[in-house]
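1. just need the structure, nothing else, for what follows:
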Amino acid sequence: MTINGEVRYLWRAVDHEGEVFEAVVTMRRDRKAALKFLRKLTRRYGRTRKIVTDRLPSYGAALNGLGARDLQSPGCWFNIRVENSHPPLRRRERAMLRFRRMRSLQTFAAVHASVSNHFNKERSLSDRNIFKLNRAAALEQWRQLGAA
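-> This next block holds a predicted model:
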């Protein structure tokens, strides 16, 4: 992402259902940034059985540092869940006329992920009536949170 003409990197962790666990903005996309991101994830969510990444070498170096290189599954088509979580964020970014600071991008990405996780349920896994009931329940919960 570009902030004031400078490139910044948005790291996102997504589970197998498309829920965003974590979103972190960094200035670089190197081993140190990847290691920091992966350590934060393992502290918060524990170790995982499999880590799907793209073929960026810094992921492998960071996973070597954690002793989890055997968990990595790099590949061209394996990280579709992560790639499909970008467009909604990009649409909101465009509507907001971009970001001016890294901190505002970080805050927005975290809030957007939690709201998106709350409302976007897997529609293809249930029929329309159940989907509508779940969506209405999520909206009611959201309204109660806003009223408190």
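
2. return the distance of the helix or strand of the chain with the lowest mean pLDDT from the chain's centre.
-> Sorted by mean pLDDT, DSSP states H and E, the helices and strands of the chain end with helix 80-84, the least confident at a mean of 72. With C-alpha atoms, centre = their mean, to the nearest Å as the basis, helix 80-84 stands 9 Å off its chain's centre.

3. right, and the helix or strand after it?
-> Following helix 80-84 in sequence order, the next helix or strand is helix 86-95 (DSSP states H and E).

4. what is the rounded mean pLDDT of that following helix?
-> Per-residue pLDDT values over helix 86-95 give a mean of 76.

5. that helix packs against which elements?
-> Judged by 3 or more C-beta pairs under 8 Å, 6 or more residues apart in numbering; DSSP states H and E, the packing partners of helix 86-95 are helix 102-119. Backbone N, C-alpha and C define where each C-beta goes, glycine included.

6. helix 86-95 and the helix it packs on, what's the angle between them?
-> 130 degrees (axes from the mean of the first three to the mean of the last three C-alpha atoms, to 10 degrees).

7. the helices in the protein, which residues?
-> 31-45, 57-66, 80-84, 86-95, 102-119, 128-147 (DSSP state H).

8. tell me which of those sits nearest to residue 25.
-> With C-beta to C-beta as the measure, helix 102-119 is the member of those nearest residue 25 (4.6 Å).

9. quick one: the residue of the chain most remote from its centre from residue 18, how far?
-> Note on the chain: the largest C-alpha distance from the chain mean falls to residue 129, namely 28.5 Å (C-alpha atoms, centre = their mean). Distance, residue 129 to residue 18, using C-beta to C-beta, to the nearest Å: 22 Å.

10. who touches the least confident helix or strand of the chain?
-> 12, 14-16, 18, 52 (C-beta atoms under 8 Å, 6 or more residues apart in numbering).
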